[in-house]
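J.: Here is my input; please provide its structure:
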Amino acid sequence: MTIDERITQFENVVRSGSADEMAFFSLGSAYYDGGRYADAGPAFQRVLALNPQHSMAHLMLGRTQLQTGHRDLAIETLKNGLIIAHRRGDLKPRNEMADELRKLGVEPPNPDARGAATAGAAAGGTPGFACSRCGGGSPLKERPFKGALGEKVLARVCSSCWQEWIRMGTKVINELRLPMYDPQAQEMYDRHMKEFLGLTD
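T.: Predicted coordinates:
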């Protein structure tokens, strides 16, 4: 079967409305193998929307973001994916994401050391509060925006990590050229935010 036939096959599955995460991952992989990186990215993002713990989708999305020139986003995707893969015991994608990061001149995160640092941060943070991203820190003083997601950020994200996301969020908007008046663009932005802040559960 040629790559174009593979793409057509999985496009038909997705159009049927019965697609699951496996179908979207297969479609994204076919797009990637065919050099259609702009199409592969949304397919892998759809996988992560359905299953945020899919470590191979993190790996492939990171590679796709590199192919489309979004280096900073790729680094964050690979870092988050490596931690998820480590927690799940997915050794192959974990090691491949570590290799990708090293190729970029970035030291891969050490999930074990991160856990120890998290415990220390929690001890020095606000009693009874544990940030979903770093495990410690001090909570935000007020809800950053309206809605259920804003309430979740207020309850689970520390002020330092929120400031980090504000900087990264600007890069997401600029690098992906997201028109924030478009509901689909807002959905993609929210997806990146939840992944960055550890709010995917």
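J.: Can you pull out the residues in contact with stretch 150-164?
T.: Stretch 150-164 is contacted by residues 125, 129, 131-134, 136-145, 165, 196-199 when judged by CB atoms under 8 Å, 6 or more residues apart in numbering. Every residue, glycine included, has its C-beta placed from N, CA and C.
J.: which among these end up buried?
T.: Burial by neighbour count, 16 or more other CB atoms under 10 Å: within the contacts of stretch 150-164 this picks out 125, 131-134, 136-137, 139-140, 144, 165, 196-199.
J.: So which of those are in helices?
T.: Trp165, Phe196, Leu197 (DSSP state H).
J.: Can you tell me which of those is nearest Phe25?
T.: Ranked by distance to Phe25 (CB to CB), these are led by Phe196 at 21.3 Å.
J.: can you list the domains in this structure?
T.: 1-108, 110-201 (automatic domain parsing).
J.: which one of these is the most hemmed in?
T.: Sort the domains of the chain by mean neighbour count, taking mean count of other CB atoms under 10 Å, and domain 1-108 sits at the top with a mean of 18.
J.: Could you give the separation of that one from the chain centroid?
T.: 10 Å (CA atoms, centre = their mean, to the nearest Å).
J.: The worst-scoring helix or strand of the chain on mean pLDDT: what's the following helix or strand?
T.: Counting by mean pLDDT, DSSP states H and E, the chain has its least confident helix or strand at helix 111-124, which shows a mean of 51. Downstream of helix 111-124, the next assigned helix or strand under DSSP states H and E is helix 148-156.
J.: weakest of the domains of the chain in terms of mean pLDDT?
T.: For the domains of the chain, the weakest mean pLDDT is recorded on domain 110-201, namely a mean of 79.
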